[in-house]
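>>> Sequence plus predicted model, see below.
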Amino acid sequence: MESLGSFTRSAARATSSAYRSVPIRWRLAGGSAALTFVILCGFAGIVGVLTTRQVRGEFNNEVRTQADDLAQRLHLHWNGLALNCDQEALSDYASDNHAQIRVYLDDGTLECAQDQVMTGKAALAGPQFPFPAKSQELGYRVETRSIGVNPAGEATLLYARPLSDVNHTLGRVRFFLLLGVLGGSILALIAGLAIARRAMRPIVELSDVARDIERTRDPRRKLPHPEAEDEIAVLARTLEGMLQALDAARSETEAMLDRQREFVADASHELRTPLTSVLANLDLLAEELDGEQAETAEAALRSTRRMRRLVADLLLLARADANRAAPRRPTDLAEVLLEAIAELEPVAEDHELSVQAEPVVVHGARDELHRLVLNLVENAVRHTPPGTRVRASTGIRDGQALLTVEDDGPGIPPELQLRVFERFVRGGRDGGRGSGLGLAIVRSVAESHGGTVSIEPPDGPGGTRLVIRLPVVATAGARAGVG
(Lines give C-alpha, C1' and ligand atoms only; values in the text may rest on other atoms or scores of the structure.)
Protein backbone atom coordinates (compact mmCIF):
# COMPACT_ATOMS: atom_id res chain seq x y z
CA MET A 1 0.00 0.00 0.00
CA GLU A 2 2.86 2.34 0.86
CA SER A 3 4.63 1.52 -2.42
CA LEU A 4 1.44 2.31 -4.35
CA GLY A 5 1.14 5.67 -2.57
CA SER A 6 4.80 6.43 -3.23
CA PHE A 7 4.36 5.57 -6.91
CA THR A 8 1.30 7.82 -7.12
CA ARG A 9 3.17 10.74 -5.54
CA SER A 10 6.16 10.21 -7.86
CA ALA A 11 3.88 10.16 -10.90
CA ALA A 12 2.13 13.34 -9.70
CA ARG A 13 5.47 15.11 -9.22
CA ALA A 14 6.68 14.01 -12.65
CA THR A 15 3.44 15.25 -14.25
CA SER A 16 3.66 18.57 -12.42
CA SER A 17 7.31 19.00 -13.43
CA ALA A 18 6.50 18.22 -17.08
CA TYR A 19 3.64 20.73 -16.99
CA ARG A 20 5.85 23.45 -15.53
CA SER A 21 8.46 22.86 -18.25
CA VAL A 22 5.92 23.75 -20.97
CA PRO A 23 6.05 27.44 -22.10
CA ILE A 24 3.34 29.68 -20.67
CA ARG A 25 1.79 30.50 -24.05
CA TRP A 26 1.37 26.80 -24.79
CA ARG A 27 -0.16 26.24 -21.36
CA LEU A 28 -2.64 29.07 -21.92
CA ALA A 29 -3.49 27.90 -25.45
CA GLY A 30 -3.72 24.26 -24.36
CA GLY A 31 -5.99 25.14 -21.45
CA SER A 32 -8.23 27.17 -23.75
CA ALA A 33 -8.36 24.33 -26.29
CA ALA A 34 -9.09 21.73 -23.59
CA LEU A 35 -11.91 23.84 -22.14
CA THR A 36 -13.33 24.40 -25.62
CA PHE A 37 -13.10 20.65 -26.32
CA VAL A 38 -15.03 19.81 -23.13
CA ILE A 39 -17.72 22.40 -23.90
CA LEU A 40 -18.08 21.25 -27.51
CA CYS A 41 -18.21 17.60 -26.41
CA GLY A 42 -21.06 18.39 -24.05
CA PHE A 43 -22.85 20.42 -26.69
CA ALA A 44 -22.32 17.70 -29.32
CA GLY A 45 -23.60 15.03 -26.92
CA ILE A 46 -26.79 16.96 -26.23
CA VAL A 47 -27.30 17.78 -29.91
CA GLY A 48 -26.61 14.15 -30.85
CA VAL A 49 -29.18 12.79 -28.38
CA LEU A 50 -31.84 15.29 -29.41
CA THR A 51 -31.12 14.79 -33.12
CA THR A 52 -31.26 10.98 -32.76
CA ARG A 53 -34.62 11.19 -31.03
CA GLN A 54 -35.96 13.63 -33.58
CA VAL A 55 -34.76 11.67 -36.62
CA ARG A 56 -35.95 8.32 -35.28
CA GLY A 57 -39.31 9.81 -34.28
CA GLU A 58 -39.80 11.32 -37.72
CA PHE A 59 -38.77 8.03 -39.33
CA ASN A 60 -41.23 6.04 -37.24
CA ASN A 61 -43.99 8.56 -38.00
CA GLU A 62 -43.17 8.37 -41.67
CA VAL A 63 -43.32 4.55 -41.65
CA ARG A 64 -46.62 4.63 -39.79
CA THR A 65 -48.09 7.20 -42.18
CA GLN A 66 -46.94 5.26 -45.24
CA ALA A 67 -48.40 2.03 -43.80
CA ASP A 68 -51.75 3.78 -43.27
CA ASP A 69 -51.64 5.26 -46.76
CA LEU A 70 -50.84 1.88 -48.33
CA ALA A 71 -53.62 0.19 -46.37
CA GLN A 72 -56.10 2.71 -47.78
CA ARG A 73 -54.82 2.39 -51.34
CA LEU A 74 -54.52 -1.36 -51.45
CA HIS A 75 -57.67 -3.09 -52.82
CA LEU A 76 -57.62 -6.88 -52.58
CA HIS A 77 -60.01 -9.21 -54.38
CA TRP A 78 -60.54 -12.87 -53.72
CA ASN A 79 -60.96 -14.80 -56.95
CA GLY A 80 -61.72 -18.07 -55.26
CA LEU A 81 -58.22 -19.49 -55.52
CA ALA A 82 -55.92 -16.63 -54.47
CA LEU A 83 -55.84 -12.95 -53.69
CA ASN A 84 -55.70 -10.65 -56.69
CA CYS A 85 -52.82 -8.23 -55.76
CA ASP A 86 -51.70 -5.36 -57.93
CA GLN A 87 -48.08 -6.52 -58.14
CA GLU A 88 -46.90 -3.54 -60.15
CA ALA A 89 -48.45 -1.02 -57.70
CA LEU A 90 -46.79 -2.74 -54.73
CA SER A 91 -43.37 -2.71 -56.43
CA ASP A 92 -43.66 1.00 -57.29
CA TYR A 93 -44.75 1.90 -53.76
CA ALA A 94 -41.92 -0.09 -52.17
CA SER A 95 -39.10 1.04 -54.49
CA ASP A 96 -39.29 4.69 -53.43
CA ASN A 97 -38.30 3.94 -49.81
CA HIS A 98 -36.57 0.54 -50.11
CA ALA A 99 -39.59 -0.89 -48.32
CA GLN A 100 -40.70 -4.47 -47.90
CA ILE A 101 -44.44 -5.23 -48.32
CA ARG A 102 -46.18 -8.50 -47.34
CA VAL A 103 -49.83 -9.53 -47.29
CA TYR A 104 -50.75 -12.48 -45.09
CA LEU A 105 -54.02 -14.36 -44.68
CA ASP A 106 -55.50 -15.00 -41.28
CA ASP A 107 -53.72 -18.35 -41.03
CA GLY A 108 -50.31 -16.71 -41.69
CA THR A 109 -50.04 -17.72 -45.32
CA LEU A 110 -48.02 -15.24 -47.44
CA GLU A 111 -50.16 -14.27 -50.42
CA CYS A 112 -48.63 -11.08 -51.84
CA ALA A 113 -45.28 -9.25 -51.81
CA GLN A 114 -43.72 -6.39 -53.74
CA ASP A 115 -41.40 -8.94 -55.35
CA GLN A 116 -43.22 -12.06 -56.32
CA VAL A 117 -39.95 -13.98 -56.79
CA MET A 118 -39.28 -13.49 -53.04
CA THR A 119 -35.51 -13.23 -53.41
CA GLY A 120 -33.07 -10.75 -52.02
CA LYS A 121 -34.90 -8.24 -49.85
CA ALA A 122 -38.14 -10.17 -50.24
CA ALA A 123 -36.73 -12.82 -47.92
CA LEU A 124 -37.84 -10.78 -44.86
CA ALA A 125 -39.72 -13.15 -42.59
CA GLY A 126 -42.86 -11.89 -40.99
CA PRO A 127 -43.48 -11.88 -37.23
CA GLN A 128 -45.34 -14.70 -35.65
CA PHE A 129 -49.04 -14.52 -35.08
CA PRO A 130 -50.64 -12.55 -33.74
CA PHE A 131 -48.88 -9.74 -35.65
CA PRO A 132 -48.00 -6.75 -33.40
CA ALA A 133 -49.04 -3.31 -34.58
CA LYS A 134 -45.39 -2.19 -34.76
CA SER A 135 -42.01 -3.82 -34.16
CA GLN A 136 -38.41 -4.05 -35.31
CA GLU A 137 -37.38 -7.23 -37.09
CA LEU A 138 -34.09 -8.06 -38.76
CA GLY A 139 -33.05 -4.40 -39.12
CA TYR A 140 -36.47 -3.20 -40.30
CA ARG A 141 -39.12 -1.00 -38.82
CA VAL A 142 -42.33 -2.99 -39.26
CA GLU A 143 -45.94 -1.70 -39.24
CA THR A 144 -48.93 -4.05 -39.62
CA ARG A 145 -52.45 -3.15 -40.66
CA SER A 146 -55.69 -5.14 -41.13
CA ILE A 147 -57.31 -4.65 -44.56
CA GLY A 148 -60.55 -5.95 -46.03
CA VAL A 149 -60.74 -8.47 -48.86
CA ASN A 150 -63.57 -8.41 -51.37
CA PRO A 151 -66.08 -9.96 -51.45
CA ALA A 152 -65.56 -11.00 -47.80
CA GLY A 153 -62.76 -11.59 -45.31
CA GLU A 154 -59.63 -9.84 -43.98
CA ALA A 155 -55.90 -9.96 -44.51
CA THR A 156 -52.86 -8.52 -42.70
CA LEU A 157 -50.63 -5.95 -44.40
CA LEU A 158 -46.99 -5.91 -43.26
CA TYR A 159 -45.06 -2.75 -44.25
CA ALA A 160 -41.35 -2.57 -43.34
CA ARG A 161 -38.56 -0.04 -44.03
CA PRO A 162 -34.85 -0.69 -43.36
CA LEU A 163 -33.32 1.03 -40.34
CA SER A 164 -30.08 1.45 -42.31
CA ASP A 165 -31.48 4.59 -43.93
CA VAL A 166 -31.98 6.38 -40.65
CA ASN A 167 -28.76 4.92 -39.21
CA HIS A 168 -26.86 6.31 -42.20
CA THR A 169 -28.38 9.74 -41.58
CA LEU A 170 -27.52 9.59 -37.88
CA GLY A 171 -23.97 8.46 -38.72
CA ARG A 172 -23.45 11.52 -40.90
CA VAL A 173 -24.81 13.74 -38.11
CA ARG A 174 -22.38 12.18 -35.62
CA PHE A 175 -19.49 12.58 -38.08
CA PHE A 176 -20.21 16.27 -38.56
CA LEU A 177 -20.57 16.76 -34.81
CA LEU A 178 -17.20 15.05 -34.22
CA LEU A 179 -15.63 17.10 -36.99
CA GLY A 180 -17.05 20.25 -35.41
CA VAL A 181 -15.65 19.32 -31.99
CA LEU A 182 -12.17 18.60 -33.34
CA GLY A 183 -12.18 21.62 -35.66
CA GLY A 184 -13.40 23.91 -32.90
CA SER A 185 -10.72 22.61 -30.52
CA ILE A 186 -7.96 23.12 -33.10
CA LEU A 187 -9.22 26.61 -33.88
CA ALA A 188 -9.34 27.34 -30.14
CA LEU A 189 -5.71 26.16 -29.82
CA ILE A 190 -4.57 28.36 -32.73
CA ALA A 191 -6.54 31.34 -31.46
CA GLY A 192 -5.21 30.74 -27.94
CA LEU A 193 -1.63 30.73 -29.24
CA ALA A 194 -2.23 33.98 -31.11
CA ILE A 195 -3.87 35.63 -28.10
CA ALA A 196 -1.18 34.33 -25.73
CA ARG A 197 1.56 35.57 -28.05
CA ARG A 198 -0.07 38.98 -28.19
CA ALA A 199 -0.60 39.00 -24.43
CA MET A 200 3.03 37.99 -23.83
CA ARG A 201 4.41 40.65 -26.18
CA PRO A 202 4.97 43.23 -23.38
CA ILE A 203 6.90 40.61 -21.41
CA VAL A 204 8.99 39.82 -24.51
CA GLU A 205 9.76 43.53 -24.85
CA LEU A 206 10.76 43.69 -21.19
CA SER A 207 13.03 40.66 -21.71
CA ASP A 208 14.67 42.26 -24.76
CA VAL A 209 15.40 45.47 -22.86
CA ALA A 210 16.68 43.44 -19.88
CA ARG A 211 19.09 41.59 -22.19
CA ASP A 212 20.29 44.91 -23.59
CA ILE A 213 20.85 46.17 -20.05
CA GLU A 214 22.77 42.98 -19.26
CA ARG A 215 24.89 43.46 -22.37
CA THR A 216 25.55 47.20 -21.93
CA ARG A 217 25.45 47.21 -18.10
CA ASP A 218 23.47 50.43 -18.23
CA PRO A 219 20.66 50.23 -15.64
CA ARG A 220 19.51 53.77 -16.50
CA ARG A 221 17.66 52.59 -19.60
CA LYS A 222 13.91 53.05 -19.54
CA LEU A 223 11.76 49.94 -19.57
CA PRO A 224 8.69 49.84 -21.86
CA HIS A 225 5.40 50.36 -20.01
CA PRO A 226 2.19 48.85 -21.44
CA GLU A 227 -0.76 51.15 -21.91
CA ALA A 228 -3.05 49.08 -19.70
CA GLU A 229 -2.67 49.30 -15.93
CA ASP A 230 -2.33 45.56 -15.48
CA GLU A 231 0.08 43.12 -13.85
CA ILE A 232 2.69 43.64 -16.58
CA ALA A 233 2.69 47.39 -15.94
CA VAL A 234 3.23 46.69 -12.23
CA LEU A 235 6.09 44.34 -13.15
CA ALA A 236 7.67 46.98 -15.42
CA ARG A 237 7.49 49.62 -12.69
CA THR A 238 8.91 47.18 -10.14
CA LEU A 239 11.83 46.24 -12.38
CA GLU A 240 12.50 49.90 -13.17
CA GLY A 241 12.56 50.75 -9.48
CA MET A 242 14.88 47.80 -8.81
CA LEU A 243 17.26 48.94 -11.58
CA GLN A 244 17.27 52.48 -10.21
CA ALA A 245 18.05 51.16 -6.73
CA LEU A 246 20.85 48.98 -8.12
CA ASP A 247 22.24 51.92 -10.11
CA ALA A 248 22.23 54.08 -7.00
CA ALA A 249 23.89 51.32 -4.98
CA ARG A 250 26.51 50.83 -7.69
CA SER A 251 27.19 54.55 -7.84
CA GLU A 252 27.62 54.66 -4.07
CA THR A 253 29.91 51.62 -4.19
CA GLU A 254 32.00 53.10 -6.99
CA ALA A 255 32.26 56.40 -5.13
CA MET A 256 33.34 54.57 -1.99
CA LEU A 257 35.90 52.53 -3.95
CA ASP A 258 37.22 55.70 -5.57
CA ARG A 259 37.65 57.26 -2.14
CA GLN A 260 39.41 54.11 -0.94
CA ARG A 261 41.74 54.14 -3.96
CA GLU A 262 42.54 57.78 -3.38
CA PHE A 263 43.19 57.07 0.29
CA VAL A 264 45.45 54.07 -0.45
CA ALA A 265 47.37 56.05 -3.06
CA ASP A 266 47.82 59.01 -0.71
CA ALA A 267 48.67 56.80 2.27
CA SER A 268 51.20 54.79 0.26
CA HIS A 269 52.80 57.99 -0.96
CA GLU A 270 52.97 59.42 2.55
CA LEU A 271 54.49 56.20 3.90
CA ARG A 272 57.49 56.50 1.62
CA THR A 273 59.01 59.44 3.53
CA PRO A 274 59.02 57.86 7.04
CA LEU A 275 60.16 54.53 5.60
CA THR A 276 63.07 56.26 3.88
CA SER A 277 63.98 57.89 7.20
CA VAL A 278 63.74 54.56 9.03
CA LEU A 279 65.92 52.89 6.40
CA ALA A 280 68.56 55.59 6.70
CA ASN A 281 68.65 55.32 10.51
CA LEU A 282 68.77 51.50 10.44
CA ASP A 283 71.56 51.58 7.88
CA LEU A 284 73.52 53.93 10.14
CA LEU A 285 72.90 51.75 13.18
CA ALA A 286 73.94 48.61 11.32
CA GLU A 287 77.29 50.25 10.49
CA GLU A 288 77.94 51.50 14.05
CA LEU A 289 76.72 48.51 16.09
CA ASP A 290 78.60 45.25 16.63
CA GLY A 291 77.71 41.67 17.44
CA GLU A 292 74.14 40.66 18.06
CA GLN A 293 72.99 44.26 18.00
CA ALA A 294 74.35 44.65 14.47
CA GLU A 295 72.62 41.44 13.37
CA THR A 296 69.37 42.71 14.86
CA ALA A 297 69.76 46.01 13.02
CA GLU A 298 70.50 44.12 9.76
CA ALA A 299 67.35 42.00 10.22
CA ALA A 300 65.28 45.13 10.85
CA LEU A 301 66.91 46.76 7.83
CA ARG A 302 65.95 43.80 5.60
CA SER A 303 62.36 43.84 6.88
CA THR A 304 62.13 47.59 6.36
CA ARG A 305 63.45 47.29 2.82
CA ARG A 306 60.84 44.62 2.13
CA MET A 307 58.20 46.89 3.62
CA ARG A 308 59.36 49.78 1.43
CA ARG A 309 59.14 47.55 -1.62
CA LEU A 310 55.67 46.37 -0.65
CA VAL A 311 54.59 49.98 -0.13
CA ALA A 312 56.00 50.85 -3.54
CA ASP A 313 54.03 48.00 -5.09
CA LEU A 314 50.83 49.08 -3.36
CA LEU A 315 51.45 52.68 -4.40
CA LEU A 316 51.87 51.65 -8.04
CA LEU A 317 48.66 49.55 -8.01
CA ALA A 318 46.75 52.24 -6.13
CA ARG A 319 47.79 54.88 -8.66
CA ALA A 320 46.65 52.59 -11.47
CA ASP A 321 43.29 51.99 -9.74
CA ALA A 322 42.86 55.73 -9.16
CA ASN A 323 43.80 56.49 -12.80
CA ARG A 324 46.81 58.54 -11.73
CA ALA A 325 49.14 58.27 -14.67
CA ALA A 326 52.83 59.06 -14.20
CA PRO A 327 54.50 61.36 -16.76
CA ARG A 328 55.23 59.50 -20.00
CA ARG A 329 58.06 60.05 -22.45
CA PRO A 330 59.92 58.01 -25.09
CA THR A 331 61.87 55.28 -23.29
CA ASP A 332 64.26 52.68 -24.65
CA LEU A 333 63.00 49.33 -23.38
CA ALA A 334 66.42 47.74 -23.94
CA GLU A 335 68.05 50.21 -21.52
CA VAL A 336 65.41 49.51 -18.93
CA LEU A 337 66.03 45.76 -19.30
CA LEU A 338 69.80 46.17 -18.88
CA GLU A 339 69.36 48.32 -15.76
CA ALA A 340 67.02 45.75 -14.20
CA ILE A 341 69.40 42.86 -14.98
CA ALA A 342 72.28 44.82 -13.45
CA GLU A 343 70.24 45.35 -10.30
CA LEU A 344 69.32 41.67 -10.00
CA GLU A 345 72.68 40.08 -10.88
CA PRO A 346 74.09 40.36 -7.32
CA VAL A 347 71.13 38.42 -5.84
CA ALA A 348 70.86 35.88 -8.69
CA GLU A 349 74.33 34.33 -8.48
CA ASP A 350 72.90 30.79 -8.53
CA HIS A 351 71.01 31.47 -11.83
CA GLU A 352 72.35 32.02 -15.32
CA LEU A 353 71.02 35.30 -16.71
CA SER A 354 71.11 35.79 -20.48
CA VAL A 355 70.06 39.05 -22.17
CA GLN A 356 69.35 39.86 -25.81
CA ALA A 357 68.57 43.60 -25.80
CA GLU A 358 67.49 45.02 -29.13
CA PRO A 359 66.79 48.78 -28.91
CA VAL A 360 63.09 49.55 -29.06
CA VAL A 361 61.46 52.81 -27.95
CA VAL A 362 58.07 52.96 -26.28
CA HIS A 363 56.09 55.82 -24.81
CA GLY A 364 55.96 55.21 -21.07
CA ALA A 365 56.97 55.97 -17.51
CA ARG A 366 60.54 54.76 -17.00
CA ASP A 367 60.13 53.90 -13.31
CA GLU A 368 57.02 51.83 -13.97
CA LEU A 369 58.63 50.01 -16.90
CA HIS A 370 61.68 49.36 -14.72
CA ARG A 371 59.41 47.87 -12.09
CA LEU A 372 57.70 45.71 -14.73
CA VAL A 373 60.99 44.26 -16.02
CA LEU A 374 62.37 43.83 -12.50
CA ASN A 375 59.26 41.87 -11.40
CA LEU A 376 59.35 39.62 -14.47
CA VAL A 377 63.01 38.64 -14.07
CA GLU A 378 62.80 38.42 -10.28
CA ASN A 379 59.71 36.20 -10.57
CA ALA A 380 61.66 33.83 -12.87
CA VAL A 381 64.64 33.75 -10.46
CA ARG A 382 62.52 33.28 -7.34
CA HIS A 383 60.33 30.45 -8.66
CA THR A 384 63.01 28.33 -10.34
CA PRO A 385 65.65 26.10 -8.72
CA PRO A 386 69.37 27.09 -8.58
CA GLY A 387 71.24 26.63 -11.83
CA THR A 388 68.22 27.46 -13.98
CA ARG A 389 68.85 29.61 -17.04
CA VAL A 390 66.77 32.79 -17.35
CA ARG A 391 66.65 34.53 -20.74
CA ALA A 392 65.36 38.07 -21.30
CA SER A 393 65.11 39.85 -24.62
CA THR A 394 63.56 42.86 -26.34
CA GLY A 395 62.58 43.25 -29.99
CA ILE A 396 59.92 44.22 -32.47
CA ARG A 397 57.37 41.89 -34.06
CA ASP A 398 54.31 42.77 -36.12
CA GLY A 399 54.77 46.46 -35.32
CA GLN A 400 54.80 45.92 -31.53
CA ALA A 401 57.54 46.08 -28.93
CA LEU A 402 58.19 42.70 -27.32
CA LEU A 403 59.72 42.02 -23.93
CA THR A 404 60.22 38.29 -23.36
CA VAL A 405 61.37 36.55 -20.18
CA GLU A 406 61.81 32.79 -20.39
CA ASP A 407 63.23 30.18 -18.02
CA ASP A 408 63.91 26.43 -17.96
CA GLY A 409 62.22 25.84 -14.61
CA PRO A 410 59.24 23.62 -13.73
CA GLY A 411 56.72 26.06 -15.22
CA ILE A 412 53.49 27.48 -13.87
CA PRO A 413 50.97 24.88 -12.62
CA PRO A 414 47.94 24.61 -14.94
CA GLU A 415 45.53 25.50 -12.12
CA LEU A 416 47.36 28.83 -11.59
CA GLN A 417 47.77 29.94 -15.21
CA LEU A 418 44.34 31.63 -15.30
CA ARG A 419 44.90 33.39 -11.95
CA VAL A 420 48.62 34.08 -11.92
CA PHE A 421 48.16 37.77 -12.84
CA GLU A 422 45.65 38.40 -10.05
CA ARG A 423 46.65 40.14 -6.86
CA PHE A 424 47.93 38.15 -3.87
CA VAL A 425 48.11 34.88 -5.84
CA ARG A 426 51.22 32.89 -4.91
CA GLY A 427 52.44 29.57 -6.24
CA GLY A 428 54.24 28.48 -3.11
CA ARG A 429 57.62 27.76 -4.74
CA ASP A 430 59.22 30.89 -3.21
CA GLY A 431 58.78 29.62 0.34
CA GLY A 432 56.19 32.28 1.15
CA ARG A 433 58.64 35.15 0.64
CA GLY A 434 56.65 36.84 -2.10
CA SER A 435 53.68 39.15 -1.62
CA GLY A 436 51.70 37.87 -4.60
CA LEU A 437 51.77 41.31 -6.25
CA GLY A 438 54.65 40.90 -8.70
CA LEU A 439 52.77 39.66 -11.78
CA ALA A 440 49.72 41.73 -10.86
CA ILE A 441 51.94 44.83 -11.14
CA VAL A 442 53.28 43.53 -14.46
CA ARG A 443 49.79 43.29 -15.90
CA SER A 444 48.73 46.65 -14.44
CA VAL A 445 51.78 48.46 -15.92
CA ALA A 446 51.42 46.74 -19.29
CA GLU A 447 47.73 47.61 -19.58
CA SER A 448 48.26 51.19 -18.42
CA HIS A 449 50.77 51.56 -21.28
CA GLY A 450 48.29 50.17 -23.83
CA GLY A 451 49.90 46.73 -23.93
CA THR A 452 49.25 43.14 -22.89
CA VAL A 453 50.96 40.34 -20.99
CA SER A 454 50.52 36.68 -21.85
CA ILE A 455 51.86 33.22 -21.06
CA GLU A 456 53.08 31.48 -24.20
CA PRO A 457 54.51 28.00 -24.84
CA PRO A 458 58.27 27.99 -24.21
CA ASP A 459 60.82 27.01 -26.83
CA GLY A 460 62.08 24.05 -24.77
CA PRO A 461 60.30 21.05 -23.25
CA GLY A 462 59.61 22.88 -19.98
CA GLY A 463 59.74 26.23 -18.27
CA THR A 464 57.76 29.45 -18.49
CA ARG A 465 57.64 32.11 -21.20
CA LEU A 466 56.07 35.52 -20.40
CA VAL A 467 55.66 38.02 -23.23
CA ILE A 468 54.89 41.75 -22.90
CA ARG A 469 53.59 43.57 -25.99
CA LEU A 470 53.65 47.40 -26.06
CA PRO A 471 53.02 50.00 -28.78
CA VAL A 472 56.24 51.07 -30.52
CA VAL A 473 57.25 54.75 -30.80
CA ALA A 474 60.61 54.50 -32.53
CA THR A 475 63.57 52.17 -32.85
CA ALA A 476 67.29 52.74 -32.56
CA GLY A 477 70.28 50.83 -33.80
CA ALA A 478 70.82 47.26 -32.80
CA ARG A 479 72.58 46.57 -29.54
CA ALA A 480 74.65 43.48 -28.84
CA GLY A 481 73.42 40.89 -26.39
CA VAL A 482 74.85 40.74 -22.89
CA GLY A 483 75.24 37.40 -21.17
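Thanks, I have it.
>>> switch to C-alpha atoms for all contacts and neighbour counts from now on
Will do.
>>> now the strands for the protein?
Applying DSSP state E to the chain gives strands spanning 76-78, 83-84, 100-104, 110-113, 134-137, 140-150, 154-162, 329-332, 352-357, 361-364, 389-397, 400-407, 452-456, 464-471.
>>> Tell me which of these sits nearest to residue 171.
Residue 171 sits nearest to strand 154-162 of all the strands of the chain, at 15.0 Å, using CA to CA.
>>> Now do that closest one and strand 100-104, the angle between them.
160 degrees (axes from the mean of the first three to the mean of the last three CA atoms, to 10 degrees).
>>> mind starting the numbering at 28 from now?
Done: numbering now begins at 28, and the last item shifts to strand 181-189.
>>> Can you name every helix or strand that strand 181-189 contacts?
helix 51-100, strand 127-131, strand 167-177 (3 or more CA pairs under 8 Å, 6 or more residues apart in numbering; DSSP states H and E).
>>> can the ones you listed go into JSON lines with extra columns for distance to residue 389, mean pLDDT and mean neighbour count?
Converted to JSON lines, the helices and strands packed on strand 181-189 look like this (distance: least, CA to CA, whole Å; pLDDT from 0 to 100; neighbours: other CA atoms under 10 Å):
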{"stretch": "helix 51-100", "distance to residue 389": "60", "mean pLDDT": "89", "mean neighbour count": "16"}
{"stretch": "strand 127-131", "distance to residue 389": "116", "mean pLDDT": "85", "mean neighbour count": "23"}
{"stretch": "strand 167-177", "distance to residue 389": "111", "mean pLDDT": "84", "mean neighbour count": "19"}
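>>> closest one to residue 446 among the ones you listed?
helix 51-100 (42.6 Å).
>>> could you give the angle of that closest one to strand 181-189?
Using the same axes, to 10 degrees: helix 51-100 against strand 181-189 is 160 degrees.
>>> For this structure, which helix extends over the most residues?
Under DSSP state H, the helix in the chain containing the largest number of residues is helix 258-315.
>>> Between the helices and strands packed on strand 181-189, which one is closest to residue 284.
Closest among the helices and strands packed on strand 181-189, using CA to CA: helix 51-100, at 43.2 Å.
>>> just how off-centre is that closest one within its chain?
With CA atoms, centre = their mean, to the nearest Å as the basis, helix 51-100 stands 48 Å off its chain's centre.
>>> re the thing from before, show me what the longest helix of the chain is packed up against.
helix 191-243, helix 318-348.
>>> Could you identify which of the ones you listed is most buried?
Highest mean neighbour count of the helices and strands packed on helix 258-315: helix 318-348, a mean of 17 (counted as mean count of other CA atoms under 10 Å).
>>> Mind giving me the packing neighbours of that helix?
helix 258-315, helix 465-475.
>>> So for residue 344, which of the ones you listed sits nearest?
The nearest among the helices and strands packed on helix 318-348, by CA to CA, is helix 465-475 at 6.5 Å.
>>> least reliable of the helices and strands packed on helix 318-348 going by mean pLDDT?
Lowest mean pLDDT within these: helix 258-315, at a mean of 75.
>>> Dump the helices and strands packed on strand 181-189 to CSV, plus distance to residue 238.
What follows is the helices and strands packed on strand 181-189, written out as CSV (distance: least, CA to CA, whole Å):
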stretch, distance to residue 238
helix 51-100, 20
strand 127-131, 80
strand 167-177, 74
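>>> quick one: which of the ones you listed is nearest residue 427?
Comparing those by CA to CA, helix 51-100 comes nearest, at 55.1 Å.
>>> between the helices and strands packed on strand 181-189, which one is nearest to residue 218?
helix 51-100 (7.6 Å).
>>> still on that earlier bit, between the helices and strands packed on strand 181-189, which one is closest to residue 138.
Once these are compared by CA to CA, strand 127-131 is nearest, at 5.7 Å.
>>> how far does the closest one sit from the chain's center?
With CA atoms, centre = their mean as the basis, strand 127-131 stands 77 Å off its chain's centre.
>>> Give the pairing partners of that strand; include direction for each.
Its sheet considered, strand 127-131 pairs with strand 137-140 (antiparallel), strand 181-189 (antiparallel) by DSSP bridges.
>>> Check those for me and report the most buried one.
It is strand 181-189: most buried of the strands paired with strand 127-131 by mean count of other CA under 10 Å, with a mean of 23.
>>> Run the angle between that strand and strand 167-177 for me.
160 degrees.
>>> Single out the most deeply packed of the helices and strands packed on helix 318-348.
Buried most deeply of these, by mean count of other CA under 10 Å, is helix 465-475, with a mean of 21.
>>> Give me the contacts around that helix.
Here helix 465-475 makes contact (CA atoms under 8 Å, 6 or more residues apart in numbering) with 340, 343-344, 347, 395-396, 398-400, 402-403, 406, 447-450, 479-480, 495-497.
>>> Now tabulate the strands of the chain in TSV and tack on distance to residue 314.
TSV is the format used below for the strands of the chain (distance: least, CA to CA, whole Å):
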stretch	distance to residue 314
strand 103-105	160
strand 110-111	161
strand 127-131	143
strand 137-140	150
strand 161-164	136
strand 167-177	136
strand 181-189	134
strand 356-359	37
strand 379-384	32
strand 388-391	38
strand 416-424	35
strand 427-434	37
strand 479-483	42
strand 491-498	40
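>>> re the thing from before, how far off helix 191-243 does the longest helix of the chain point, in degrees?
30 degrees.
>>> Distance from helix 258-315 to the middle of the chain?
39 Å.
>>> quick check: angle from that helix to helix 318-348?
150 degrees.
>>> Would you point out the helix or strand in this protein whose mean pLDDT is lowest?
helix 29-47 (a mean of 62; mean pLDDT, DSSP states H and E).
>>> Reformat the helices and strands packed on helix 318-348 into TSV and put distance to residue 250 next to each item.
As requested, the helices and strands packed on helix 318-348 are exported to TSV (distance: least, CA to CA, whole Å):
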stretch	distance to residue 250
helix 258-315	6
helix 465-475	36
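>>> which one of those lies closest to residue 229?
helix 258-315 (7.2 Å).
>>> Which residue comes closest to residue 57 once chain neighbours are left out?
residue 216 (6.1 Å; CA to CA, 6 or more residues apart in numbering).
>>> next one: residue 380
Residue 380 sits nearest to residue 417 (CA to CA, 6+ apart), 5.0 Å away.
>>> What is the neighbour count of the one you found?
23 (other CA atoms under 10 Å).
>>> how close does it get to residue 443?
Using CA to CA, to the nearest Å, we find residue 417 at a distance of 21 Å from residue 443.
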